Every structure is written in structure tokens, then in C-alpha cells.
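Undergrad: how would this look folded up:
(2 chains)
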Amino acid sequence: MTDLDEIDFGLLKALSRDANQSAGALGRALGLSQPATWRRIKRLQELGILLGRRLDLDREKLGFGVTVFLGVKLGTKGRVSLEDFERAVCAIPEVQTVEHVLGLYDYRLRVTARDIADFERVLRRRVMLLPGVGSVDANVLLSEERRPGPLG
Amino acid sequence: MLDDLDRRILRHMQSDPEQSIPDLAERLGLTPSRLSRRLEKLREGGILLGSRAMIDWRALGYTVEVSLRVTLDKTNPRAFDEFIAQARDIPEVLEIQTFLGQVDVRLSVIARDMGHYQQIYRSAILTLPHIADIEALMHVARIKSNESLPL
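TA: I've put the predicted structure just below:
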């Protein structure tokens, strides 16, 4: 692990809350000059720690009222190609994230839909028809909260 | 309330949030000032909430990621609140989600290695209140993660 200090952690914390802050404003909050802040951000990017940014949209106001997490187990009969499954599942627009996991399921999917009827359509016409799908378990998201993580 | 142009703007911003206003305006065939006005309206309407930087925890040395699916003892009416309040105090917890279904709460937990994970699990997770059952999913790979909405 690289030698990051308190100020680097402070920058990561501030940017993961709001990526739109200018280097000047961030620097003032952390007691750094604007160029010094810039250099640190650049370095965090070069180290691969600071990835791109993600847009924060109000899902419900945009008409996506339902988020469901699916636990997918691939069928055991015959040979299932993970690549085929992954390619097909990633192509479904309503599938927002695909994680390969170990445990009760093989994959964990985050699916967004306008309402429960729309979710049913995605589940029946898209997810259940994916190559190799065995069982699917669904949990409807009620609330979600992202934490800053272990940043000093 | 939202028209096709708003949707196009959001679609482009979702796929490339790093773009500057002038670049985005050019791609959409708008003047920068017209685009800025549209963005202002989307912000005022509470649709565009902002943007967050993504951190690669692996690059910070956290190689283990586990999804803990927790069933709570619902005979206690304060089970959810007390469990969540205490889970917030564990720095390695990145996400707290509540569900309707088999699972009540899901915690996304990161650790430096398996030894570190075991330590967090024993000293911080298992001491959380009102747990009836825990199941763990170990993260292998992230295949898709943009979280884009199909606008």
C-alpha cells in the first residue's frame, strides 16, 4: 500500500461526497494551495485510487420507483459458459450492476424498473431467459445508504 | 416534466460524467449557455443531485469484499434502527441496504485480507444487535458497475 497521509484521505472523503468541488475550494478546506491540491488529486488518479465519478440522480423522480437485487444461481445441468451469461446479462439495460460472487449464489444483480409490473417484465422476458440461469432469488430494496469507508 | 432533451443530456452525462459543459454542449448540438440553463433546471427540480468520485478500495489495499445478508430478530420493534445505527460505526462497512424479502439488511464490508476480515467479523459484525441469521457472499469480480438508469 502506498504512503497516503491524512490530507489524501481528507481529499478522498470530500470528493466521494461531492466530486464537483474545485481544487481551490478543496484546498482551502484542507489548508493546501490550489496547485498542491491539484497535484495530490492527480497523484491519487495515477495510483488508480481515485476512479472516475458517478452521477447522482433521483431515481424516483426519473420514474424508476423499484430497485431489486437478484441472486442468480446458474444451472448445473450441461456446461454453462460464464462468458455467455455475463455478456448477455450486461446487455440488459435495466441491469445496473453485475457481481460475480461466491456463496449461495453465483451472481448478484441490481435491477432497476419503473414499478413492480415493469420489474416482472424484466424478470420474465429478460433475466429468466438468460443462458444458463438456474434459480433466481429477489429482494426489493427499501433504503440504501453509502458510507465513507475506512478513510483515516 | 422531463422532455427528450433532458433525457438526452442525462444519458450523455451518465455515460461520461467527466465531460466539461462546453464539450457536452457541442456533442448535443446546444450552446453552452442553453445547456447550463437546462442543468440548472434539473438541479432545481432535485433530479440532478450531483456527482461523487469513485474510490478503488483494492488500490488502497482492501482486497477482500464481502456482502453480508442479515436477517434480524423482528420481535424487537427497534431491531432495524439499533442494528443500522451500530453498523454505521464500523468504518469498513461501505453500504447499508434494507430490503423487503428474505433478507432484511445487507452490509457491504471490505477488509485488507482474510485475517483482517475475520477480525472485523468477530469483533464488530457479530456484536451487532438483533441478528437472527447471517449469510456471506464473497465478492469475486465486478462485471458491470456503472449503475446507469435506462433513460
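
Undergrad: can you name the farthest residue from the center of chain B?
TA: Farthest-out residue of chain B from its mean C-alpha position, per C-alpha atoms, centre = their mean: residue B:31, at 33.2 Å.

Undergrad: now swap in chain A and tell me
TA: Largest centre distance within chain A, by C-alpha atoms, centre = their mean: residue A:33, 32.4 Å.

Undergrad: hmm, back to that, how near is the residue farthest from the centre of chain B to chain A?
TA: 21 Å (C-beta to the nearest C-beta, to the nearest Å). Bear in mind the C-beta positions are built from the backbone N, C-alpha and C, glycine included.

Undergrad: Just read off the phi/psi values of that residue.
TA: phi -80, psi 150 (degrees, to the nearest 10).

Undergrad: My read is that it contacts residue B:25, right?
TA: Yes - under the criterion of C-beta atoms under 8 Å, residue B:31 makes contact with residue B:25 at 6.2 Å.

Undergrad: Show me where chain A has its helices.
TA: With DSSP state H as the criterion, chain A has helices at A:6-17, A:23-30, A:34-46, A:82-90, A:116-121.

Undergrad: closest to chain B out of those?
TA: Across the helices of chain A, chain B has its closest neighbour in helix A:6-17 (3.8 Å, C-beta to the nearest C-beta).

Undergrad: quick one: that closest one to helix A:23-30, angle?
TA: Interaxial angle of helix A:6-17 relative to helix A:23-30 (axes from the mean of the first three to the mean of the last three C-alpha atoms, to 10 degrees): 120 degrees.

Undergrad: OK, contacts around the residue nearest to the spatial centre of chain A?
TA: Closest to where the C-alpha atoms of chain A average out (C-alpha atoms, centre = their mean) is residue A:97, at 6.1 Å. The neighbours of residue A:97, taking C-beta atoms under 8 Å, 6 or more residues apart in numbering or on different chains as the test, are A:108, A:109, A:110, B:142, B:144, B:145, B:146, B:147.

Undergrad: burial count for the closest residue to the second one other than its chain neighbours?
TA: Nearest residue to residue A:109 in three dimensions, chain neighbours excluded: residue A:70, at 4.4 Å (C-beta to C-beta, 6 or more residues apart in numbering or on different chains). The local packing of residue A:70 (other C-beta atoms under 10 Å in any protein chain shown) involves 22 other residues.

Undergrad: cool, residue A:143 as well?
TA: Look at residue A:143: counted by other C-beta under 10 Å, it has 11 neighbours.

Undergrad: For it, give the beta-bridge partners.
TA: Under DSSP bridges, the beta-bridge partners of residue A:143 are residue B:98.

Undergrad: now the helices for chain B?
TA: In chain B, the segments counted as helices under DSSP H are B:4-15, B:21-28, B:32-44, B:79-87, B:114-120.

Undergrad: JSON lines please, covering those helices and showing mean neighbour count, distance to residue B:103 and mean pLDDT.
TA: Compiled in JSON lines, the helices of chain B are given as follows (neighbours: other C-beta atoms under 10 Å in any protein chain shown; distance: least, C-beta to C-beta, whole Å; pLDDT from 0 to 100):
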{"stretch": "helix B:4-15", "mean neighbour count": "16", "distance to residue B:103": "28", "mean pLDDT": "93"}
{"stretch": "helix B:21-28", "mean neighbour count": "15", "distance to residue B:103": "39", "mean pLDDT": "93"}
{"stretch": "helix B:32-44", "mean neighbour count": "14", "distance to residue B:103": "34", "mean pLDDT": "95"}
{"stretch": "helix B:79-87", "mean neighbour count": "17", "distance to residue B:103": "13", "mean pLDDT": "96"}
{"stretch": "helix B:114-120", "mean neighbour count": "15", "distance to residue B:103": "20", "mean pLDDT": "97"}
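
Undergrad: want to try JSON lines for those helices, with distance to residue A:82 as columns?
TA: Shown next, in JSON lines, are the helices of chain B (distance: least, C-beta to C-beta, whole Å):
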{"stretch": "helix B:4-15", "distance to residue A:82": "26"}
{"stretch": "helix B:21-28", "distance to residue A:82": "36"}
{"stretch": "helix B:32-44", "distance to residue A:82": "39"}
{"stretch": "helix B:79-87", "distance to residue A:82": "32"}
{"stretch": "helix B:114-120", "distance to residue A:82": "24"}
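
Undergrad: Go ahead and flag the most central residue of chain B.
TA: Closest-to-mean residue, chain B, C-alpha atoms, centre = their mean: residue B:95 / 6.2 Å.

Undergrad: okay but it is in contact with residue A:149, surely?
TA: No - at 9.5 Å, residue B:95 does not count as touching residue A:149 under the criterion of C-beta under 8 Å.
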